[in-house]
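Peer 1: model this:
(one chain, ligands or ions: 2)
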Amino acid sequence: MPEVRDKPISLELSGITKVYPGAIALNKVSLSIRSGEVVGLIGENGAGKSTLMKVLGGTIAPDEGRVVIDGETVRSLTPARAAGLGIAFVHQELNPFSNLDVTANVLLGREMRRGVLGFLDRPSMENKVGPILKLLGTRFGPKDPVAELSLADQQLLEIARALSINVRLLILDEPTSSLTLSETNRLLDVIRKLRAEGVAVLFITHRLAEIVEVADRVVALRDGCNAGELSRQEISRDTMVRMMIGRDVNQFYEKSDHAPGRPVLDIKGLRTRAYPHQSVDLCLLAGEISCLAGLVGAGRTELARAIFGIDPVEGGRIEMDGKPLRGNSVPEAIAAGICLVPEDRKAEGLFLDFAVTENIAMPSHAALARRGFVNHAAVTRLAEASRQKLRIKASGLNRAVAELSGGNQQKVVLAKWLAMNPKLIILDEPTRGIDVGAKAEVYHLMQELAAQGVALLMISSDMEEVIGISDRVAVMCRGKINGILDRGELTEENILRLAVE
Ligand SMILES: Nc1ncnc2c1ncn2[C@@H]1O[C@H](COP(=O)(O)OP(=O)(O)OP(=O)(O)O)[C@@H](O)[C@H]1O
Ligand SMILES: [Mg+2]
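Peer 2: Ligands and ions are numbered 1, 2, ... in the order given. The predicted structure follows:
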């Protein structure tokens with residue numbers, strides 16, 4: 001177990017207000033938590049959850065309100081001060097130092113030293129980090145470089161980092177958004193263990209089942225205000241949804257009954273660099289929603305990147321509409337009607353300093369231009385239509401994407417690619433960090449695209465979503481497709497069995 005401090009914690013936030021230009025992120029919000037309690041913090045995208053946690057972690061200063069820890073009012077909380085008080089933070093946005101290895105990242109700023117010269121005591125550091133990684137069941141070890149870790153692994157790294165401090169209050173902001181079922185379950189176990197040792201845990205997630213599993217109490221925010229609380233007995237998916245968005249979300253996974261059409265993408269014997277000794281055959285049909293399932297590291301993202309021409313193809317054939325692709329070229333893939341909504345929105349999907357409008361219109365600029373000039377009216381119309389369709393919450397479409405909440409940034413990524421009218425759309429974790437209401441919108445949109453004859457290939461670590469929306473699921477394991485399940489065969493058990501074989 002990670003080290004835990006004996007001294008219990010009691011914490012009370014009251015009247016916390018934070019105003020940004022154009023947005024009241026928090027409006028007199030209160031929240032309390034004490035040792036041995038797991039509190040779920042829920043709310044729609046942009047409700048103010050991350051902002052409230054950043055106040056507690058000392059990364060942003062509130063305009064008004066009081067933070068009382070262990071009975072004392074804490075003024076000007078800084079990250080160092082928060083850490084000193086035993087508050088550990090897993091941030092929603094990941095920023096590992098990719099030139100350092102795992103151990104150096106986990107213990108950054110808290111390196112162990114020895115001797116009068118203060119040399120790094122690497123063996124002790126690795127001895128500290130190793131057991132934490134084991135606890136989380138990571139595939140990577142203390143000495144591995146961080147540069148090549150997948151998003152899920154980066155998420156686990158961030159969690160390891162939080163667990164390496166002497167923690168009294170653990171804040172988890174969307175820690176499971178890229179984790180698959182088995183890693184998530186392991187994390188939930190860690191949370192239970194920490195609670196038993198007297199740690200307080202604040203847990204933000206849009207996967208409401210996780211809250212049902214571990215939370216003792218739920219606090220909901222809506223539009224920057226407190227929207228209510230639920231005690232352990234009152235917690236259920238429906239009560240949470242109602243409190244978050246003030247209405248029920250029915251028809252979550254509607255299914256329309258159109259027959260799949262002609263083959264759109266046909267892959268034969270495809271080998272990727274991640275698993276050069278395995279080959280993949282897969283045929284995707286027009287009007288069909290297929291899903292790639294598997295554990296973290298099964299090779300799903302690598303396959304998607306090879307189809308889209310980002311990663312080199314080591315062998316085999318890719319045909320789009322009966323015509324072979326040369327491969328290794330993104331422009332070629334786009335010209336053939338393929339688009340990829342990437343998993344890592346910050347690295348590959350978004351220009352954070354650019355306006356929402358710019359981001360959405362970027363790939364469609366050629367189509368929207370008239371005689372070589374950008375047609376601003378068309379660009380604005382497109383952005384406005386996307387905003388309504390996906391319910392993007394922004395104080396204005398001319399605001400920089402960096403100012404949007406995590407889930408709203410994800411919606412901008414989706415909008416950008418959907419605007420291209422693709423024939424095949426590959427969605428890598430499309431609903432990562434998106435709230436329930438907006439998820440229903442995304443699923444609806446996927447159905448609409450399928451009904452129009454688009455082929456969809458989704459990669460998702462959210463088992464509920466995989467089962468809910470897919471017509472067919474190809475389960476990958478160590479670089480090869482272990483089996484394909486039809487809609488009638490889709491159960492968690494069937495998928496997991498193929499994923500671990
Ligand atoms: N740096 C900033 N500048 C301007 N507005 C901001 C900034 N950071 C956050 N906001 C706004 O504050 C509001 C709350 O954002 P916050 O990130 O706390 O939402 P959230 O509840 O964490 O949402 P999500 O579920 O999408 O992560 C949003 O309207 C957001 O646009
Ligand atoms: Mg957030």
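Peer 1: tell me the contacts of Ala347?
Peer 2: Counting by Cβ atoms under 8 Å, 6 or more residues apart in numbering, Ala347 touches no other residue. C-beta: built from backbone N, CA, C; applies to glycine.
Peer 1: Also Ile69?
Peer 2: Neighbouring residues of Ile69 by Cβ under 8 Å, 6+ apart: 9-12, 85.
Peer 1: Just the closest of the residues you listed to ligand 2, please.
Peer 2: Leu11 (19.5 Å; Cβ to the ion).
Peer 1: Am I right that Leu172 falls within a strand?
Peer 2: Yes. Assessed by DSSP: H, G, I helix; E, B strand; the rest coil, Leu172 belongs to a strand.
Peer 1: what's the pLDDT at it?
Peer 2: If you check Leu172, the pLDDT there is 94.
Peer 1: Kindly report the same for Ala298.
Peer 2: Here the pLDDT value assigned to Ala298 is 85.
Peer 1: how many other residues sit next to it?
Peer 2: Ala298 is flanked by 25 other residues according to other Cβ atoms under 10 Å.
Peer 1: residues touching it, list them.
Peer 2: Counted by Cβ under 8 Å, 6+ apart, Ala298 has contacts 476-479, 499.
Peer 1: hmm, try it at 6 Å
Peer 2: 476-477 (Cβ atoms under 6 Å, 6 or more residues apart in numbering).
Peer 1: quick check: domain ranges of the protein?
Peer 2: As recorded under automatic domain parsing, the domains making up the chain are 10-245, 262-337+422-501, 347-420.
Peer 1: For ligand 2, give me its nearest residue in the stretch 1-150 of the chain.
Peer 2: Taking Cβ to the ion, the stretch 1-150 of the chain has Ser50 as its residue nearest ligand 2, at 3.1 Å.
Peer 1: Name the helix or strand for that residue, please.
Peer 2: helix 49-57 (DSSP states H and E).
Peer 1: Can you name the element that comes right after that helix?
Peer 2: strand 64-69.
Peer 1: Show me what counts as buried in that following strand.
Peer 2: Buried positions in strand 64-69, judged by neighbour count with 16 or more other Cβ atoms under 10 Å: 65, 67, 69.
Peer 1: Who are the contact partners of the closest residue to the first one other than its chain neighbours?
Peer 2: So the one you mean is Gly65. Excluding its sequence neighbours, the residue lying closest to Gly65 (Cβ to Cβ, 6 or more residues apart in numbering) is Ile16, at 3.5 Å. Ile16 sits next to 26, 29, 55, 62, 65 when contact means Cβ under 6 Å, 6+ apart.
Peer 1: Up against ligand 2, what does the stretch 251-400 of the chain have?
Peer 2: Taking Cβ under 5 Å from the ion, no part of the stretch 251-400 of the chain reaches ligand 2.
Peer 1: State the phi and psi torsions of the residue of the chain positioned farthest from its centre.
Peer 2: Outermost residue of the chain with respect to the C-alpha centroid, by Cα atoms, centre = their mean, is Val116; its distance is 44.0 Å. With angles defined as degrees, to the nearest 10, Val116 sits at phi -70, psi -30.
Peer 1: so what's it scoring on pLDDT?
Peer 2: As predicted, Val116 sits at a pLDDT of 78.
Peer 1: Tabulate the contacts of Ile16 (CSV), appending distance to Val212.
Peer 2: As requested, these are arranged in CSV below (distance: Cβ to Cβ, whole Å):
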residue, distance to Val212
Leu26, 26
Val29, 23
Val55, 27
Pro62, 30
Gly65, 30
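Peer 1: Highest neighbour count among these?
Peer 2: Leu26 (29 neighbours).
Peer 1: which SS class is it?
Peer 2: strand.
Peer 1: That one bridge partners, please.
Peer 2: Beta bridges link Leu26 to Lys18, judged by DSSP bridges.
Peer 1: unless I'm mixing things up, it is touching Gly48, no?
Peer 2: Yes. The criterion here is Cβ atoms under 6 Å, and Leu26 meets it with Gly48 at 4.8 Å.
Peer 1: Fine by me, thanks again.
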